[in-house]
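# This is a predicted model, with the sequence first.
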Amino acid sequence: PAGHSNDASETYSGTVHRAEFRPRFDALVGGDPLLRVDDLVAGYGPRTILRGIDLRVRAGQMACLVGPCGAGKSTILHSIFGLTDVRSGRIEVGGRNVTRFGPGAKLREAGIAYVLQDSSVFPDMTVERNLWLSGRLIGQYDDSQQAAERIFDRYPILARHRDEPAGVLSPCERRLLELSRAFVMRPRLLLVDEPLMGLESDFVEPIFEMLSDLREDERLAIVMVEQNARWALSLADIGCLIVGGEVARVGTSSALVADPLMGRLFLRD
């Protein structure tokens, strides 16, 4: 996992003026973004965590949020999905203002799906029925059955458990099942929080492959949070360092990996 410094907030404070980030994002996106976040201020109850976040990502592109624990990375995902109190700012998906949509509307009307940190499978349901349930959430039960068959054809690791309770799956298989719901629900934007949490290094490759399939074959826009910054940046198109609820660095993933301060603070082996 990536190492972190307690001095990260101080080290990155004021290194780049916020006004510079939007043109950087626009250049990295290279066209109309599917997701546009402008000057987002959000938190939980009276506590404000995000302080003016900007973010852009287009269809078929992945943005990775990295940074120290407690920086607000997961809160960005929560805010996009409607799980925080948004004080100000704007969230658009496909040019539509979805800032005040709740999670249900975010999924059904805006096409945003969210893979949480914690396992969200139904352990007593079969693997197949877990996938079918995803179709019911968006009112497309028949389509979900066809999508499940495509998943089983594509991923034998899940097919061999299709009639077994999801509770028997290994941690890696459970995470693959969670990601497979994105194939069934066919969102436009996928939010992924810590896909490698609790997994051994031997199980990284299947997760990597499925995320790549979702981005490249399904043309999803993906925003991912991952503590293993080196791995995450190797997969992403855009890297975004979050420190203290603000954006501290934006660039190509290769540029962030090559940044000496970034490497010293967040990319230790």
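Done, it's in.

# only C-alpha atoms for contact and neighbour calcs from this point on.
OK.

# Kindly check the end-to-end length of stretch 225-237 for me.
Its first and final residues considered, stretch 225-237 spans 13 Å by CA to CA, to the nearest Å.

# Show me what counts as buried in it.
Neighbour-count burial for stretch 225-237, with 16 or more other CA atoms under 10 Å as criterion, is recorded at Val225, Glu226, Gln227, Asn228, Ala229, Arg230, Trp231, Ala232, Leu233, Leu235, Ala236, Asp237.

# Just the closest of those residues to Arg36, please.
When those are compared for distance to Arg36, the smallest value, 15.9 Å, is given by Asp237; criterion: CA to CA.

# so what's that closest one closest to, chain neighbours aside?
For Asp237, ignoring the flanking residues on the chain, the nearest one in space by CA to CA, 6 or more residues apart in numbering is Met62 at 5.4 Å.

# I'd guessed the one you found sits against Arg219; true?
No - Met62 sits out of contact with Arg219 when judged by CA atoms under 8 Å, with a separation of 10.0 Å.

# Okay, and the beta partners of Ala113?
Beta-bridge partners for Ala113, by DSSP bridges, are Leu190.

# Run through the strands of the protein in chain order.
Secondary structure of the chain (DSSP state E): strands located at 35-44, 47-57, 62-66, 85-93, 96-97, 112-115, 189-193, 221-225, 238-243, 246-252.

# Just name the most buried of those strands.
The highest mean neighbour count among the strands of the chain, using mean count of other CA atoms under 10 Å, belongs to strand 62-66: a mean of 27.

# low-scoring stretches of the stretch 151-269 of the chain, by residue?
Across the stretch 151-269 of the chain, residues meeting the criterion (pLDDT under 70) sit at 265-269.

# ditto for the stretch 1-150 of the chain
Flagging of the stretch 1-150 of the chain using pLDDT under 70 yields the residue ranges 1-19, 118-119, 137-142.

# Alright, I will stop here.
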